[in-house]
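Q: Okay, here's the prediction I keep looking at, along with the sequence it came from:
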Amino acid sequence: GAGVSQSPRYKVAKRGQDVALRCDPISGHVSLFWYQQALGQGPEFLTYFQNEAQLDKSGLPSDRFFAERPEGSVSTLKIQRTQQEDSAVYLCASSLAAIVQETQYFGPGTRLLVL
Amino acid sequence: GESVGLHLPTLSVQEGDNSIINCAYSNSASDYFIWYKQESGKGPQFIIDIRSNMDKRQGQRVTVLLNKTVKHLSLQIAATQPGDSAVYFCAENSYTGGFKTIFGAGTRLFVKA
């Protein structure tokens, strides 16, 4: 079946530009996560949705980062006024249930480069 | 704060040998631990998991060991193959008002033919 998909796969933005990254989770998955992965590092948690509710956004690095999942399926991560330090791979993951012991399935990521 | 880290950043093994990748964690309240494999240009892929009430779990060619006394996690890969070359991350899941996964920095595994 279809896995988690993300678009675009690559994005080049000029500093100060706004960007929107899309995540299509596996159909029926309740939980959705966003992570930021810097080069050579492990993914860093950004935010978590249970259906349409954003239950944890403690990992968002600044108020320039905003995520939504209005209908409990597709999610968008928006970064306003991008800075060079925002350059990273942004990963989306989904899981079937809202429990700790649940496998997360990751998308391929969106590689963002801010010039 | 809580962190999950790895002892070695790179590991090189001969094809057919066994590989052992280690990880230390600091949050004694973590309930669930996972090993992920990440190949270049791809997202992390689930390999094996273990709950905090277990100390060993086996899968196909992989075994995860959990030592809660010293807060140590290891991944053993039997008969390592070239296709196993990737970066391996340990991660821990916890619930603190919301679900959160903390990843370690990763170990790059090179398999020499």
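A: That came in fine, so what should we check first?

Q: How about residue 39: what's its closest non-neighbour residue?
A: As the question left the chain open, I've gone with chain A. Closest residue in space to A:L39, ignoring its immediate chain neighbours: A:A88 at 7.5 Å, by Cβ to Cβ, 6 or more residues apart in numbering or on different chains. C-betas here are computed from N, CA, C, even on glycine.

Q: meant chain B, my bad for not saying
A: The nearest residue in space to B:E39 (Cβ to Cβ, 6+ apart) is B:A86, at 4.8 Å.

Q: Would you agree the one you found is in contact with B:G41?
A: No: counting by Cβ atoms under 8 Å, B:A86 stays clear of B:G41, with 11.2 Å between them.

Q: neighbour-wise, which of the two wins?
A: More crowded of B:A86 and B:G41, by other Cβ atoms under 10 Å in any protein chain shown: B:A86, with 21 against 10.

Q: Could you list everything the residue nearest to A:L39 pairs with in the sheet?
A: Beta-bridge pairing for A:A88 (DSSP bridges): A:L112.

Q: quick one, what contacts the closest residue to A:S73 other than its chain neighbours?
A: Distances taken as Cβ to Cβ, 6+ apart put A:P25 closest to A:S73, at 6.6 Å, once the chain neighbours are dropped. The contact partners of A:P25, taken as Cβ atoms under 8 Å, 6 or more residues apart in numbering or on different chains, are A:4, A:32, A:73-75, A:92, A:94.

Q: ok, now with 10 Å
A: A:2-6, A:31-33, A:49, A:69, A:72-75, A:92-96, A:105, A:107 (Cβ atoms under 10 Å, 6 or more residues apart in numbering or on different chains).

Q: gap between the residue nearest to B:E39 and B:F110?
A: Shown here: B:A86 relative to B:F110, a distance of 10 Å by Cβ to Cβ, to the nearest Å.
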